[in-house]
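Asker: Structure, please.
(2 chains, ligands or ions: 2)
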Amino acid sequence: MTDRSKGEVWVFAEQEEGKLAEIPFELLGKARELASKLGVKVGAVLMGEGVEPCAAALVAGGADVVHLIEDPALKVFRSKAYRHALVELIKEAQPQIVIFGATHMGRDLAPAVASALRCGLTADCTDLQIGDYTDKKTGETFANVLHQIRPAFGGNIIATIVNARHWPQMATVREGVMKPLDAAAREARGANAGTVVRHASHLDGVEIPVEVVEIVRKASSVNLKGARIIVAGGAGVGSKENFALLHDLAAALGGAVGGSRAAVDLGYCEHERQIGQTGVTVRPALMISCGISGAVQHLAGMQDAAKIIAINTDRDAPIFKVAHYGIVGDLNVVIPKLIKAIRNKG
Amino acid sequence: MKTYNCVVCIKQVPDTQKVTGEAMKADGTINRAALPAIFNPEDKNALEAALWVKETYGGTVTVITMGLPAAKAILREALMCGADRAVLVTDRKAAGSDTLATSYILSQAVKRFNPDLVFCGRQAIDGDTAQVGPQIGEKLDCAVVTYLEKLEMDGDTAIATRDIGTGIETCRAKLPALFTVTEKFGALRPFQMRRVMTYKNAEPEVLDCAAIGCEDARCGFAGSPTSVNKIQSVVLAGGAFKEISPDDAGIGGLVAELIADHTIG
Ligand SMILES: Cc1cc2nc3c(=O)[nH]c(=O)nc-3n(C[C@H](O)[C@H](O)[C@H](O)COP(=O)(O)OP(=O)(O)OC[C@H]3O[C@@H](n4cnc5c(N)ncnc54)[C@H](O)[C@@H]3O)c2cc1C
Ligand SMILES: Nc1ncnc2c1ncn2[C@@H]1O[C@H](COP(=O)(O)O)[C@@H](O)[C@H]1O
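Answerer: Numbers count the residues shown, from 1 in each chain, chains lettered A, B, ... in the order given. Ligands and ions are numbered 1, 2, ... in the order given. Sure thing, here's the model as predicted:
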């Protein structure tokens, strides 16, 4: 067996219908950082049918090697087919780290792969770092292992997980928390900074017990992750009608509207606008949080915003603990004043 | 007509929505004893799926949990709702199991019942990993359908509707099949009054790791590749915000400041 510490850092490059998701680029940004600490290459695993044209974008996005598997059986995502092909590829090419997006696809595939390889997997990480690790029981130390950092227990604690004795080290990573390479860095890399290596799917004669009959795509009208300014509302907004106030404020600022889980549960806004642990993670330049108490599960999705303005009638609301500007007051009074001030001065 | 034997994996979890200051110990770990133990929310949806199959097509429903004897409470709840059989897997050897070891032990237990359909919750609210279901499925080497919202049976095939994030997928899965169920499937039916009396002190079947043929090396700490290196509680520093008065002068000043530093405008 080859020395696994020389293995590549891999990113699973999720695609549907030949279109790459955003998450592989976020993961590649992180993978470059990890790989440069380890002095190894970054690999992207691209699986599907007729997906080779996606490879160039992955190279520009940070991949030194694109590991390509094409097979008609991989046309649409099916757990067993993807698992089987990826497990064979990992056994053959021996990466030291494999990271997946914590998307529906990643959270289906990664556990199955980990189970088949009998290796560790940490779900929903918000950060990954390379560092040393000492087993407190045995005193054994391990150099350069993957520290997998994630909220746990409903967001009330942050745990650092390691799996130093098993290869590969695997994690799923939340969407929106890692930064893709910026435009300049991508341009500097260009499409020739990496190579494409084609691999066999090993799917001949493998029975796939699931057949996809139909997929109805959701038209996603909301792009919270890409928004520079977000106005978010919670239970304190009081009614669906009143939520229009937030849309007005967002319109005045050219921003997007988000909500807390309570706001979603109360029917004030759509589920795709939910920010937090079980919604999207955002890091806008400005976050205006209105009538949101600031439960840990909510904060988990927004506390990295560059500037946070909180509007809440309760001075003791935890949201003020992450806020840069706090307005203790009624949002029904404050928001119209904000809109007026923006229109006058902006 | 075909009937279906269903197994549902259910977990007792601390109610993480109730975590308050008192529930955090000084070292940043959680004082589980200070939290109420509840039936994991999405495992109730998983149980509903199985009870619905039984009601619609006929068959049986067996619930399995791995945990401490206190977890008998949720097994009894499941019986009161209509489950036929309840199994507790409990063993000191299982202590410290991560998702890989947990799914191994549960898969060994599930195999004993030779089910047509296995249901798990999408995720448990203590870890929020959503890994155990797909990992049991891999070990059973059966069809796996995650994020189940709707189900229909057609002989030896399940017609399943699932959320794939970017849309809704309909697929046909050959039995045996394992599903992870979301809250969209629908709420668990209430207790049946006559079953409440019958099952309120019911004793489930108790199995240990040896009884279900587990290799020791794959259980508990020994069988768990991951270990927790460090735990930090989420302590908010707090208090350092700039207070803006909720009047025209205060708000006007704030907007001017944001324009000046190019945050807006
Ligand atoms: C496993 C799990 C996952 C979760 N995931 C998420 C998640 O992803 N996202 C999320 O948001 N939550 C999540 N939650 C729920 C979270 O714990 C809170 O229940 C939720 O965030 C509360 O929403 P809220 O702040 O809008 O409502 P509340 O807590 O009810 O707060 C309303 C606030 O509005 C203020 N208010 C009332 N009237 C006014 C007014 N006129 N003007 C100004 N302020 C006013 C009140 O003072 C209060 O602070 C999760 C919970 C669990 C257990
Ligand atoms: N100890 C356990 N006993 C029974 N079922 C479990 C256990 N742990 C996890 N599960 C099942 O696996 C699902 C996912 O759990 P998790 O991977 O911990 O989020 C749960 O919703 C349960 O259906």
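
Asker: tell me the phi and psi of the residue nearest to residue B:177 when sequence neighbours are not counted?
Answerer: Beyond its immediate neighbours in the sequence, the residue positioned closest to residue B:177 (C-beta to C-beta, 6 or more residues apart in numbering or on different chains) is residue B:143, lying 4.0 Å away. For every residue, glycine as well, the C-beta is placed using N, CA and C. Summarising the backbone geometry of residue B:143 under the convention degrees, to the nearest 10, its torsions are phi -60, psi 140.

Asker: swap in residue A:271?
Answerer: Dihedral angles of residue A:271 (phi, psi; degrees, to the nearest 10) stand at phi -60, psi -30.

Asker: do the same with residue A:45
Answerer: phi -100, psi 120.

Asker: Surely the residue nearest to residue B:177 and residue A:112 touch.
Answerer: No: here residue B:143 lies out of contact with residue A:112, judged by C-beta atoms under 8 Å, at a distance of 11.8 Å.

Asker: Next, count neighbours for residue A:33.
Answerer: In terms of burial, residue A:33 registers 18 neighbours under the definition other C-beta atoms under 10 Å in any protein chain shown.

Asker: try residue B:40
Answerer: Residue B:40 has 23 neighbouring residues, counting by other C-beta under 10 Å.

Asker: Provide a list of residues in contact with it.
Answerer: For residue B:40, the set of contacting residues under the criterion of C-beta atoms under 8 Å, 6 or more residues apart in numbering or on different chains consists of B:10-13, B:121, B:124-126.

Asker: Name the nearest of these relative to residue A:273.
Answerer: residue B:125 (22.0 Å; C-beta to C-beta).

Asker: Confirm for me that the closest one is in contact with residue B:41.
Answerer: Yes: here residue B:125 reaches residue B:41: they are 6.4 Å apart, a contact under C-beta under 8 Å.

Asker: domain parsing for chain A?
Answerer: A:4-198, A:229-343 (automatic domain parsing).

Asker: wait, does the last one make contact with ligand 2?
Answerer: I take that to be domain A:229-343. No: if you take C-beta under 6 Å from any ligand atom as the test, domain A:229-343 misses ligand 2, and the best it gets is 12.4 Å.

Asker: Start and end of that domain, how far apart?
Answerer: Distance between the boundary residues of domain A:229-343 (C-alpha to C-alpha, to the nearest Å) amounts to 16 Å.

Asker: which residues of the chain score low on pLDDT?
Answerer: All of this refers to chain A. Counting by pLDDT under 70, chain A contains low-confidence ranges at A:1-2, A:154, A:220-221, A:346.

Asker: that's the other chain; I wanted chain B
Answerer: Residues of chain B meeting the criterion pLDDT under 70: B:18-30, B:234-239.

Asker: What parts of it come near ligand 2?
Answerer: Proximity of chain B to ligand 2 is confined to B:9-11, B:40, B:42-43, B:46, B:65-67, B:99, B:102, B:106, B:120-121, B:123-124, B:127, B:129-133 under the rule C-beta under 6 Å from any ligand atom.

Asker: Okay, and which of those map to helices?
Answerer: In this view, the residues of chain B next to ligand 2 that belong to helices under DSSP state H are B:42-43, B:46, B:99, B:102, B:106, B:132-133.

Asker: Now for residue 210: which residues touch it?
Answerer: Going with chain A. Contact analysis of residue A:210 by C-beta under 8 Å, 6+ apart lists A:78-80, B:143-145, B:171-174.

Asker: wrong chain, I was asking about chain B
Answerer: Residues near residue B:210 by C-beta under 8 Å, 6+ apart: residue B:91.

Asker: repeat for residue B:48
Answerer: Each residue near residue B:48 by C-beta under 8 Å, 6+ apart is listed here: B:181, B:185-189.

Asker: Equivalent analysis for residue B:180, please.
Answerer: Contacts of residue B:180 were listed using C-beta under 8 Å, 6+ apart, and they are B:46, B:119-123, B:130, B:133-134, B:145-148.

Asker: And those, which two are furthest apart?
Answerer: Pairwise distances among these were taken by C-beta to C-beta; the largest, 15.2 Å, belongs to B:123 and B:145.

Asker: quick one: which of those two has more around it?
Answerer: Neighbour totals were compared for residue B:123 and residue B:145, and residue B:145 leads with 27 against 24 (other C-beta under 10 Å).

Asker: Flag every buried residue along the helix or strand hosting the more buried one.
Answerer: With secondary structure defined by DSSP states H and E, residue B:145 is part of strand B:143-154. Buried residues in strand B:143-154, counted by 16 or more other C-beta atoms under 10 Å in any protein chain shown: B:143-149, B:151, B:153.

Asker: could you say what helices and strands that strand packs with?
Answerer: Counting contacts by 3 or more C-beta pairs under 8 Å, 6 or more residues apart in numbering or on different chains; DSSP states H and E, the secondary-structure elements packed against strand B:143-154 are helix A:79-93, helix A:104-117, strand A:210-217, helix B:41-57, helix B:132-140, strand B:157-163, strand B:167-174, strand B:177-181.

Asker: Let me have the domains of chain A in CSV, adding distance to residue A:218 as columns.
Answerer: CSV is the format used below for those (distance: least, C-beta to C-beta, whole Å):
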stretch, distance to residue A:218
domain A:4-198, 12
domain A:229-343, 8
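
Asker: Any idea which of those gets closest to ligand 1?
Answerer: The closest of the domains of chain A to ligand 1 is domain A:229-343. By C-beta to the nearest ligand atom, the value is 2.3 Å.

Asker: and that closest one, anywhere near chain B?
Answerer: Yes: Domain A:229-343 reaches chain B (C-beta under 8 Å from any C-beta of the partner chain) through A:229, A:253, A:277, A:285-286, A:296, A:299, A:306-307, A:309-310, A:318, A:320-330, A:333-334, A:337-338, A:340-342.
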